[in-house]
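**Student:** sequence and predicted structure, then a few things I'm wondering about:
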Amino acid sequence: MGYRSEQKRRGGCASHRLYEINPFVKSGLIIHEHPIGLEPPKSPIHKAMNAPTYASDDTHPHAIVWADPARANAFASWLSNMAAAHSLNPESVRLASADASFRRYFRVDKVAGSPAGSYIIMDAPPAKEDCAPFIKVAELMAAAGLQAPRVLAWNAPAGFMLLSDLGAKTMMEVISPPAAVDAIALPTAFQYDLYMDAADALVRWQLASKPDVLPAYDDALLSRELALFPEWYVGKYRGFALDAQQKRTLDDAFALIKAANLQTLEGVRVYVHRDFMPRNLMAPTLVASRTALPPEGTPRLRPGEASSAAPAGEVDKRGGASIGILDFQDAVYGPITYDIASLMRDAFLSWEEDFVLDVTVRYWQKARKAGLPVGDDFGEFYRAVEWMGLQRHLKILGIFARLTLRDGKPKYLADTPRFIKYVRATAARYRQLGPFMVLLDAIEGNETRVGYTF
C-alpha cells in the first residue's frame, strides 16, 4: 500500500541484528535469541511475542521483524494495555502488510469467547511518519459515509495505532491481474461491478469536499512532484544528462502539464485521495454481498454490457459505499480528475483502453448527476484525465527510482515499462507534447514514432 506516501520520507533503519516476532508457535525452525546485554522480557505478553521466533524464510511470511529491540519492547508494552482494554489475543499478532513508507500493519484477533473479529495495528515510527493527517482524513471519510478504518486507540509518542479491520483482501487481490508487466487485463462482469462500487465511493468522497480543510494541491506541490522525474529517474537511474535544449523541452512540457492539471474544467477542486487504486481499496464487504466470486472462465464484460451494479448516474444506496478505503493520509484539495486517473491508470495493473473509457464515462455520468463540476463535455473531461495521469506517472517514475536507489526497494521499478507505456500513449496523442516525446525516447533509447490525435 501507498508508494505515494513515501515521497516525504527520509532516512532508514540503523544496522541492527533483526529480531523476528512470530507469536504462532508451530513446527519448524525456532530460534531463541536475545540481544547481548538485554535480559529476555518477563511478562506473559513479552514471552508470547519474543520467546518463539522463526528464522527468516518464505515459510513464515507473516513473521514480524524488528530491527530495534527497544521498539519491540515498547510495542509489547503497548499491546499489553490494548489487550486488556479491547479483549485482544496478543499471541495472534501477525504481519498484515507493509508499504513503501515506514509504516507497517499487523492483524490481531480478539480473545476466545469475544465476538468474532480482528483489529489492525499500525506501526508508524514517529520520527519518520506523521499520523495526525491519517486521523483527520479518517474522520472526514467517516463523515462522508465511506468505509475507512476507525481509529480506536493511538499512542502518538510511540507511533502505535489500533484500527478497525476492513478485511484481508484488497480489490487488487480479488481481481488477481496477470503478473506480466506488459499484460493487459481483460475484465469480467464481476470486476466491472467492483469498479462501479469504487466510482460510487469516489463520488461520495468528492461530494463531501470543502475548501480550507485539506492541504492545497497547487503549483508548488505539482512542481515538487514533477521534479522527481528528472532528478531520480532521468539523472540517477538512467544516468542521462540533459543538455540545455533538453532542459528547456522538459520545462516546457512541465509547464503544459501543470496548466492542464490546474486550469482545465475551470480549475475546480475537490478532496483528492492521491492513491485511489485497487491496492488501497478493500473488497471484503462487497464480496460478502455477492453470492460468490465468478468461476474461472467467466466471460469478460464488453463495454456497454449490463452489470449488476447500480445504474449509471446513481450512487450506491446500500447504506454507504461497499468499498473500504485505505492509505489516505496524504489527501489534498485538488483537481477532480486526479482520483479517477489513479483508479483507471493503475501503477500495478493495466486494462484495455475500452474498459478504461467505459468506467471513466460511467464515473463522469454518476458525478455529473450528483452535481459535481465535471463539465458537460466528456471529451474535455477525458483529456483532462489523460493530462493528470501523465503528471502522476512521471512523478511515480521518479518515486520508484528513488525507492530503488536510496531506500533499497528495487521491486517497484519492475513496473517501469507500464509507466513508460502510459506516458508515451498520452504524449503521442497531443501535438504540443511532440518535443517531449522525442526527449523521452532519447532517455529510453527508442526511436520516436508518433501520430497525434489532438
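**Tutor:** That came in fine, so what should we check first?
**Student:** all helices for the stretch 301-450 of the chain, in order.
**Tutor:** Assigned by DSSP state H, counting those that start in this stretch, the helices in the stretch 301-450 of the chain fall at 338-344, 353-369, 378-405, 416-427, 434-444.
**Student:** I'd like those laid out as TSV, including distance to residue 70.
**Tutor:** Glycine gets a C-beta too; all of them are placed from N, C-alpha and C. Listed next are these as TSV, based on distance: least, C-beta to C-beta, whole Å:
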stretch	distance to residue 70
helix 338-344	38
helix 353-369	48
helix 378-405	27
helix 416-427	38
helix 434-444	45
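**Student:** of these, which stretch is the most buried?
**Tutor:** helix 338-344 (a mean of 25; mean count of other C-beta atoms under 10 Å).
**Student:** avg pLDDT for that helix?
**Tutor:** Taken as a whole, helix 338-344 has a mean pLDDT of 97.
**Student:** residues in contact with it?
**Tutor:** 195, 198-199, 202, 205-206, 217, 272-278, 351, 356, 359-360, 363, 385-386, 388-389, 392 (C-beta atoms under 8 Å, 6 or more residues apart in numbering).
**Student:** got it, and stretch 243-257?
**Tutor:** Under C-beta under 8 Å, 6+ apart, the answer for stretch 243-257 is 222-223, 226, 230, 242, 387, 390-391, 394, 432-433, 435-436, 438-439, 442.
**Student:** can you do 6 Å?
**Tutor:** 226, 390, 391, 432, 435, 436, 439 (C-beta atoms under 6 Å, 6 or more residues apart in numbering).
**Student:** tally of neighbours for residue 215?
**Tutor:** By other C-beta atoms under 10 Å, the residues close to residue 215 number 13.
**Student:** repeat for residue 429
**Tutor:** Quick note: residue 429 (other C-beta under 10 Å) scores 18 neighbours.
**Student:** now it. Its backbone dihedrals?
**Tutor:** In terms of degrees, to the nearest 10, the main-chain angles of residue 429 are phi -80, psi -20.
**Student:** repeat for residue 123
**Tutor:** phi -110, psi 110.
**Student:** excluding chain neighbours, what is closest to it?
**Tutor:** residue 104 (4.4 Å; C-beta to C-beta, 6 or more residues apart in numbering).
**Student:** show me the shaky parts of the stretch 351-454 of the chain.
**Tutor:** 447-454 (pLDDT under 70).
**Student:** can you give me the neighbour number for residue 371?
**Tutor:** That count, for residue 371 with other C-beta under 10 Å as the rule, works out to 9.
**Student:** and it, how far from residue 206?
**Tutor:** In this view, residue 371 and residue 206 are 10 Å apart by C-beta to C-beta, to the nearest Å.
**Student:** give me the distance from stretch 128-136 to the chain's centre.
**Tutor:** 16 Å (C-alpha atoms, centre = their mean, to the nearest Å).
**Student:** and residue 108, bridged to which residues?
**Tutor:** residue 119 (DSSP bridges).
**Student:** what's near enough to touch it?
**Tutor:** 88, 92, 93, 119.
**Student:** how does it look with 8 Å?
**Tutor:** Neighbouring residues of residue 108 by C-beta under 8 Å, 6+ apart: 79, 88, 89, 90, 92, 93, 94, 118, 119, 120, 121.
**Student:** for these, pick the one with the most neighbours.
**Tutor:** Among the contacts of residue 108, the one with the most neighbours (other C-beta under 10 Å) is residue 93, at 26 neighbours.
**Student:** these two touch, right, that residue and residue 107?
**Tutor:** Yes. Judged on C-beta atoms under 8 Å, residue 93 makes contact with residue 107 at a distance of 7.5 Å.
**Student:** what do these two both touch?
**Tutor:** residue 121.
**Student:** which residue ranges form the strands in the stretch 1-150 of the chain?
**Tutor:** Secondary structure of the stretch 1-150 of the chain (DSSP state E, counting those that start in this stretch): strands at 19-21, 30-31, 53-54, 64-66, 94-98, 104-109, 118-123.
**Student:** most tightly packed of these?
**Tutor:** strand 53-54 (a mean of 22).
**Student:** before we move on, back to that, so what pairs up with the residue nearest to residue 123 in the strands?
**Tutor:** residue 98, residue 123.
**Student:** might you report the residue contacts of it?
**Tutor:** Taking C-beta under 8 Å, 6+ apart, one finds 64, 95, 97, 98, 122, 123, 124 in contact with residue 104.
**Student:** which of these has the weakest pLDDT?
**Tutor:** Ranked by pLDDT, these bottom out at residue 98, which scores 65.
**Student:** OK, contacts around the residue lying closest to residue 143 once chain neighbours are set aside?
**Tutor:** Nearest residue to residue 143, sequence neighbours excluded (C-beta to C-beta, 6+ apart): residue 208, at 6.6 Å. Contacts for residue 208 (C-beta under 8 Å, 6+ apart) come out as 140, 143, 144, 271.
**Student:** quick one: the second one from residue 326, how far?
**Tutor:** This means residue 143. 17 Å.
**Student:** neighbour-wise, which of those two wins?
**Tutor:** Between residue 143 and residue 326, counting by other C-beta under 10 Å, residue 326 is the more crowded of the two (23 against 9).
**Student:** can you pull the pLDDT of the closest residue to that one other than its chain neighbours?
**Tutor:** Counting by C-beta to C-beta, 6+ apart, residue 326 lies nearest to residue 280, which is 4.7 Å off, once chain neighbours are set aside. For residue 280, the pLDDT comes out at 93.
**Student:** for residue 280, grab the count of nearby residues.
**Tutor:** Neighbours around residue 280, by other C-beta under 10 Å: 23.
**Student:** list the backbone torsions phi and psi for it.
**Tutor:** phi -110, psi 10.
**Student:** residue 260 versus the residue lying closest to residue 332 once chain neighbours are set aside, what's the distance?
**Tutor:** Nearest residue to residue 332, sequence neighbours excluded (C-beta to C-beta, 6+ apart): residue 217, at 4.2 Å. Residue 217 sits 14 Å away from residue 260, going by C-beta to C-beta.
**Student:** ok, the nearest residue to residue 423 once chain neighbours are set aside - contacts?
**Tutor:** Of all residues not flanking residue 423 in the chain, residue 393 sits nearest, at 5.2 Å (C-beta to C-beta, 6+ apart). For residue 393, the contacting residues are 345, 419, 422, 423, by C-beta under 8 Å, 6+ apart.
**Student:** again, only using 10 Å
**Tutor:** 229, 341, 345, 347, 418-426 (C-beta atoms under 10 Å, 6 or more residues apart in numbering).
**Student:** please apply the same query to residue 386.
**Tutor:** 260, 337, 341, 345, 360, 422, 425-427, 429-430, 453-454.
**Student:** looking at it, residue 270 is touching residue 333, isn't it?
**Tutor:** Yes. With contact defined as C-beta atoms under 10 Å, residue 270 reaches residue 333; the gap is 7.3 Å.
**Student:** common neighbours of those two, please.
**Tutor:** By C-beta under 10 Å, 6+ apart, the residues touching both residue 270 and residue 333 are 209, 210, 211, 214, 217.
**Student:** that'll do, ta.
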